[in-house]
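Engineer: What follows is a predicted protein model with its sequence.
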Amino acid sequence: MIELARREDYRLLTGRGQFVDDLRFHGEVHARFIRSTVAHGVIRKMDASDAILSQGVLGFWSGRDIKSLIPPIGQSKADGGVFQDPLFRALGKEAGFIRHVERRLLAEDKVRHVGEAVGVVVAENAYLAEDAAALVDVEIDELPAVVDPIAACLPTSALLYDWPNNLCLDLRVGTGNIESAFAQAQFSARRIIHSGRVSCVPMETRGVVAVPEIGRRAVTIYSSTQIPHMVKDLIVESLRLDASAVRVVAPDVGGGFGAKAIPYEEEVMIAWLSLKLGRPVRWFEDRFEHFVSSINSRDQVHDIEIALDVDGKILGVRDTFVSDVGCFSPLGVVQPYNTAAHLAGCYRVPALDLHMLSVVTNKPPLSPYRGAGRPEAVFAMERILDIVAREAGFDPFEIRQKNIIRKDEIPYKVGIPYRDGNPIIYDTGDFAACLDKAIEISSEFATKIIKSSSEVIGRGVACYVEGTGIGPFESAEIAVKEDGTIIAATGACSQGQSHETVFAKLVAERLGIEISKVKVIGGDTDATQYGWGTLASRSAVVAGSSLQNACDKIVDRVRRAVSRLWEVDESDIEFVNGVRIKGTPSRSLSWAQLSYEFSPHGQFSQEFGVGLSASDHFKPGTVTFANGAHIATVAVDIETGLVRILDYVVVHDCGPLLDENVVRGQIQGGVAQGVGAALYEELMFDESGQPLNPNLVDYIIPTRAEVPEVRMAHIETRSPGNPLGIKGVGEAGTIPVPAAISNAISDALATKNVEILRTPASPKYILGLLAN
Amino acid sequence: MSKKISFLLNKKVIEIKVADQMLLVDLLREELHLTGTHVGCAYGVCGACTVLIDGVAIRSCLTFAPQIDGAEVETVEGLSGDEGPSPIQIAMSECRGLQCGFCTPGLLMSLVELTRRADKPSDHEIDDAIEGHLCRCTGYTGIVDSFKKALGDKL
């Protein structure tokens, strides 16, 4: 068999990938959700009599039908609950409050966004299900829609919930003396800066197939998810099933980026329907549903103010920011607090005063998307820094070099807690080296730029830090099989991050075996009892460390057994395609032979126990910080408002690279998503809460033509926080892109007094600024 | 209403009765169990469902099954044989032209069309072929490299 560059490529390239919608089960039926066409209203009538009589229909269920059968979804582990308590303990009671929403699988009385599920129909095939769904007559009495997050805070606003106002989070965090910082300021600037609302748009939308077991109340759910163990927990709890009666598998998943990092109503609903009907039930989200029923993200408005001393040193930053979380925020505090925790970024900011407000509106729910609050933070901070520098007469590069935390200041304490409750400590990195290297590479860019007469050129920089590898843990279970194959299972599943390749390489190197002998399993709750999932730039760090530790446990066990039974010194034992004694190649055992020796028939098992396997659940103390600098060179056409990216440079530090090709792919792909958010992507709503562009025609994600080839360099500083010495890289490419590009556009248009203060910087927005 | 159609699919003759409103992508995926062709939007924008009809790259989500009566259809499943992946598939892997792999089958079909049609394709023609496809993972540079590698001597 031909070995391809990645272990996952053979099936993906030959059309044999196993994405959820590619799975087929005997007797399967298809579900279709009926969704609200109204943003805010009360369901007056739902008549499914025609739908039920429609060809091939097995049934219809409304919110009221299932009300007494399935309890509401409460706060799950996935909503940040694990870290929320330590964070609130660290901040103290006076810091603020958070409100949680009880969710129903299907709306019962009130609907709160266009796209909210109000009913579900099941039919023999997807065509019949869709036809039947169209026959359900839903009448909703409209209520005034809450659309603008700032107006939603006014006492006159309509309310979404039975609360005194529309706030679901009001939290303050800070350090230093902000009043005296501004009192001493020689220069200051204050702006309203807005990161627009986006959708994650993985190319594979969500999908679920639930297969009931015959003769037992048990079900296997195949879901396009980043977090199979959390999905399992929710289904067990909601459907009151035995934990061992639910298995959740994430098969091949076609991108996630955060859209698949919460457990969803549909996963519980499809599982319930399969048990109810005794047949496999399939549901595949369509692209419209992805925009309105999968989570949206970003959407923060900052009122940010910065103070500098006479030399351009930052004295303090004050920021009140409002997150429009739509109808609710499944991960509660995570996104706004990530923004707060990363706002100071690479710079010494002695005084910080950050006020987070999350507001519910009649839009789809909001949850972290690649970057998770950090792109919003970097956009606000790096824009205000550029603005104040320009006003005070400092060069934008110089002001950053002046304020950037130097290597000899690491470990550096920011003065506020991280979202896991631990103090933020920049534990590793050489921030200035990244910035200097980025400036050096960017300066190499050809000065002879071919441009049209209406284009002006600008350059912009943005730096970032990123807390990566957050806990609480990840699982690894490694077993040596009788043929010498190593099975390495982990709770961290892949949505394209090359886990089957990178983790196999890591295990193979540790055990001294060919990579082709290692099989990686991710995302099967029957393969690892515990698991957290792939999100938050954590899998290489946390799952990778668990895998390495589990390998070491196996190696230690073999070493002890061989040393004792062969009467050799442990230091004379080495691992090359199994175990062997240094200098005596004839004294060796392959992994297959070792597996036999540890079997009930073997020599080693009598004293050292049966079975050659080990597990590990690495729990990081707190996050470890990655960092980097991006520099964009752009051409802005002042007649059309179009922006061309002429050059894009990334210098970043994720520690020692486990696989350079994978890291490069994460950066290049991450930048592409950042370009989308910076220039094109925004999910818009009218004043009644109707989405205006929930499709790939009007919601523009970058094609080949819009994405530059990133020129990148890696700086590798070891992390002290994990045995691999690494930091996460999944989100690094995306985080500073809107800031770097907006700074470049603002630089190009500086003589015209244009400041980019929102994403996306669309042609319409730029022309509007130029017209004023 | 339904109609019996016959067509060549990956060099094999298929005769099947299809409903008038059935889309080609659903015929392939649901009736013929060739699930390599994917649906990313169902309205012709993303390109994941691209197949070749009489050698031309076409969106199978915008094509009704009865329209292919008498035509030759090629899908990603037809690109590799018993000997394993074809050189263009190997090029895609080597150049890291895929991450999650969902958009990949459609891109491969556009690449096949280009390799057959093109005589010294320019960078612009290569970009043109790729611009009909949305990929959210790679940022496209690996795809461009894959196309160039696959085109090899033709460049």
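Structural biologist: It's in. This structure is a prediction, so every number in the text was calculated from the model and none was measured.
Engineer: Over to the residue lying farthest from the centre of chain A. Which of the three states is it?
Structural biologist: Relative to the average C-alpha location in chain A, and by Cα atoms, centre = their mean, no residue lies farther out than residue A:567, which sits at 50.9 Å. Three-state assignment for residue A:567 (DSSP: H, G, I helix; E, B strand; the rest coil): coil.
Engineer: Can you report phi and psi for the closest residue to residue B:77 other than its chain neighbours?
Structural biologist: Leaving aside its chain neighbours, residue B:77 sits nearest to residue A:15 (4.4 Å; criterion: Cβ to Cβ, 6 or more residues apart in numbering or on different chains). For glycine as for every other residue, the C-beta is placed from the backbone atoms N, C-alpha and C. As for residue A:15, its main-chain torsions (degrees, to the nearest 10) stand at phi 80, psi 20.
Engineer: show me the residues around residue A:15 that make contact.
Structural biologist: When the contact criterion is Cβ atoms under 8 Å, 6 or more residues apart in numbering or on different chains, the partners of residue A:15 are B:34, B:35, B:36, B:37, B:75, B:76, B:77, B:79, B:105.
Engineer: That one and residue A:570: what is the separation?
Structural biologist: Separation of residue A:15 from residue A:570 (Cβ to Cβ, to the nearest Å): 50 Å.
Engineer: Kindly report the same for residue A:564.
Structural biologist: Note on residue A:564: its distance to residue A:570, by Cβ to Cβ, is 9 Å.
Engineer: ok, now residue A:372?
Structural biologist: Distance from residue A:372 to residue A:570, counting by Cβ to Cβ: 45 Å.
Engineer: Have a look at those two and say which one is more surrounded.
Structural biologist: Counted by other Cβ atoms under 10 Å in any protein chain shown, residue A:372 and residue A:570 do not tie: residue A:372 has more neighbours, with 29 against 11.
Engineer: Relative to chain B, how far out is the closest residue in space to the more buried one that isn't next to it in sequence?
Structural biologist: When the adjacent residues along the chain are set aside, residue A:372 lies closest to residue A:338, with 5.1 Å between them (Cβ to Cβ, 6+ apart). From residue A:338 over to chain B the distance is 22 Å, taken as Cβ to the nearest Cβ, to the nearest Å.
Engineer: likewise residue A:398?
Structural biologist: Applying Cβ to the nearest Cβ to residue A:398 and chain B gives a distance of 31 Å.
Engineer: quick one: residue A:141 and residue A:41 touch, right?
Structural biologist: Yes. Taking Cβ atoms under 8 Å as the contact criterion, residue A:141 and residue A:41 are neighbours in contact, 5.5 Å apart.
Engineer: Those two - which one has more neighbours?
Structural biologist: It is residue A:41, of residue A:141 and residue A:41, that has more neighbours when counted by other Cβ under 10 Å, with 22 against 10.
Engineer: Report the beta-bridge partner residues of the more buried one.
Structural biologist: The partner list for residue A:41 in beta bridges (DSSP bridges) reads residue A:111, residue A:142.
Engineer: Quickly note the distance from it to residue B:9.
Structural biologist: Residue A:41 sits 48 Å away from residue B:9, taking Cβ to Cβ as the criterion.
Engineer: hmm, back to that, elements contacting whichever strand or helix holds the residue nearest to residue A:372?
Structural biologist: Using DSSP states H and E, residue A:338 sits in helix A:334-342. Other elements packing on helix A:334-342 under the criterion 3 or more Cβ pairs under 8 Å, 6 or more residues apart in numbering or on different chains; DSSP states H and E are strand A:167-175, strand A:296-308, strand A:314-324, strand A:351-359, helix A:374-392, strand A:412-417, strand A:455-468.
Engineer: Now do the SS call for residue B:143.
Structural biologist: Three-state secondary structure (criterion: three-state DSSP) places residue B:143 in helix.
Engineer: OK, contacts around it?
Structural biologist: Contact criterion Cβ under 8 Å, 6+ apart gives A:704, B:92, B:95, B:97, B:98, B:107, B:130, B:133, B:135 as the residues in contact with residue B:143.
Engineer: again, only using 7 Å
Structural biologist: B:97, B:107, B:130, B:135 (Cβ atoms under 7 Å, 6 or more residues apart in numbering or on different chains).
Engineer: just residue A:241 next, same as before
Structural biologist: The neighbours of residue A:241, taking Cβ under 7 Å, 6+ apart as the test, are A:217, A:235.
Engineer: so what's the backbone phi/psi at it?
Structural biologist: Backbone geometry at residue A:241, expressed as degrees, to the nearest 10, gives phi -100, psi 160.
Engineer: Need the pLDDT of it.
Structural biologist: Here, the pLDDT recorded for residue A:241 equals 97.
Engineer: gap between the residue sitting nearest the centre point of chain B and chain A?
Structural biologist: Nearest to the mean C-alpha position of chain B, counting by Cα atoms, centre = their mean, stands residue B:109 at 3.0 Å. For residue B:109, the distance to chain A (Cβ to the nearest Cβ) stands at 10 Å.
Engineer: Which residues does the helix or strand encompassing that residue contact?
Structural biologist: Per DSSP H and E: residue B:109 is located in helix B:104-117. Applying Cβ under 7 Å, 6+ apart, the external contacts of helix B:104-117 come out as A:12-13, A:15, B:36-38, B:47-52, B:55-57, B:76, B:79, B:88-89, B:92, B:98, B:121, B:129, B:132-133, B:143, B:147, B:150-151, B:154.
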